[in-house]
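In: A structural model of the following input is requested.
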Amino acid sequence: MNLEETRFNMVVQQIRPWYVLDDSVLDMLYKIKREDFVPLEKQSMAFVDMEIPLGYGQVMLAPKAEARILQALKIQKTDKVLEVGSGSGYMTALLAEKGGHVYSVEIVPELESMAAKNLKAYNINNVTLEQGDAAQGWTKHAPYDVIVLTGSTPVLPEVFKQSLNIGGRLFAIVGEDPVMQALLITRKGLDEFITDPLFETVTVPLINAQQSEKFVF
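Out: Numbers count the residues shown, from 1 in each chain. Prediction:
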């Protein structure tokens with residue numbers, strides 16, 4: 001398999017047709033090589049248009065979703081970023097390439113170790129990896145300019161919106177299987193938020209995600 005040709009095909013055939021036209025995002029996909037962050041036994045799937053299982057019930061998002069998220073967030077070099085769910089560290093690396101500093105929180109110790117090893121191999125130094133449960137908020141380093149939830153949540157906890165700076169952007173996949181919506185939420189003022197639906201999808205929920213209240217008859 002010619003890796004560079006396959007990577008090129010992924011960008012041209014999967015990602016650009018999904019309305020990802022920001023050259024700074026596309027360039028990163030060539031620089032930070034996705035296969036380096038995929039578990040060894042799954043590397044043949046690195047460029048496929050699908051989620052990749054990481055073990056422990058967690059997944060890497062599909063390549064086109066990762067690219068679309070990065071484009072929507074318009075991350076600046078001065079931004080302080082919170083990532084909920086480090087996974088293998090791939091999205092963490094992309095966020096770090098665009099942002100100022102990334103605080104990435106992973107609940108599964110084995111995945112935190114995987115992310116740490118992968119980020120170290122790339123000499124990425126503007127990331128603080130922390131092991132913990134951030135599914136319902138992580139105010140430790142708030143306020144943030146950017147927050148990314150890499151798993152879904154049936155209900156979006158209000159604390160995430162309140163943890164944004166004015167002008168801050170939050171990406172979250174909200175809902176329950178089979179109906180989930182990827183949302184970009186921008187804080188315009190103390191009590192003013194704008195919500196833009198980006199795409200419909202279905203992905204694994206964050207461990208300990210906030211649940212919707214069920215009606216009991």
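
In: from here on, contacts and neighbour counts on C-alpha atoms
Out: OK.

In: backbone phi and psi for the spatially most central residue of the chain, please?
Out: Nearest residue to the geometric centre of the chain (C-alpha atoms, centre = their mean): Thr150, 3.9 Å. Per-residue torsions, Thr150: phi -90, psi 0 (degrees, to the nearest 10).

In: What pLDDT is listed against it?
Out: Note for Thr150: predicted pLDDT of 98.

In: State the distance from it to Ala134.
Out: 11 Å (C-alpha to C-alpha, to the nearest Å).

In: what do these two both touch?
Out: By the contact definition C-alpha atoms under 8 Å, 6 or more residues apart in numbering, Thr150 and Ala134 are jointly contacted by Val84, Gly85.

In: Rounded mean pLDDT for the biggest strand by length in the chain, please.
Out: Counting by DSSP state E, the longest strand found in the chain is strand 164-176. Taken as a whole, strand 164-176 carries a mean pLDDT of 98.

In: Identify each buried residue in it, please.
Out: Neighbour counts over strand 164-176 (16 or more other C-alpha atoms under 10 Å) mark Leu164, Asn165, Ile166, Gly168, Arg169, Leu170, Phe171, Ala172, Ile173, Val174, Gly175, Glu176 as buried.

In: which two of those residues lie the greatest distance from each other?
Out: Greatest spacing in the buried residues of strand 164-176, by C-alpha to C-alpha: Ile166 and Glu176 (28.9 Å).

In: how about low-confidence regions in the protein?
Out: 1, 215-217 (pLDDT under 70).

In: so where do the strands sit in it?
Out: Applying DSSP E to the chain gives strands spanning 52-55, 58-60, 80-84, 101-106, 127-131, 144-153, 164-176, 179-189, 192-201.

In: what's next to the second one, contact-wise?
Out: So that's strand 58-60. Glu51, Ile52, Pro53, Leu54, Gly87, Ser88, Val204.

In: Contacts only, for the last one.
Out: Yep, that's Val204 we're talking about. Gly57, Gln58, Val59, Gly151, Ser152.

In: what does the third one give?
Out: For Pro53, the contact set (C-alpha under 8 Å, 6+ apart) comprises Val59, Met60.

In: at 6 Å what do you get?
Out: By C-alpha atoms under 6 Å, 6 or more residues apart in numbering, the contact set of Pro53 is Val59.

In: Report the beta-bridge partners for it.
Out: Beta-bridge partners for Pro53, by DSSP bridges, are Val59.

In: ok, so what distance separates it from Gln43?
Out: Distance, Pro53 to Gln43, using C-alpha to C-alpha: 11 Å.

In: Over to the first one?
Out: To Gln43, Glu51 is 12 Å away according to C-alpha to C-alpha.

In: do the fifth one as well
Out: Distance of Gly87 to Gln43, computed by C-alpha to C-alpha: 15 Å.
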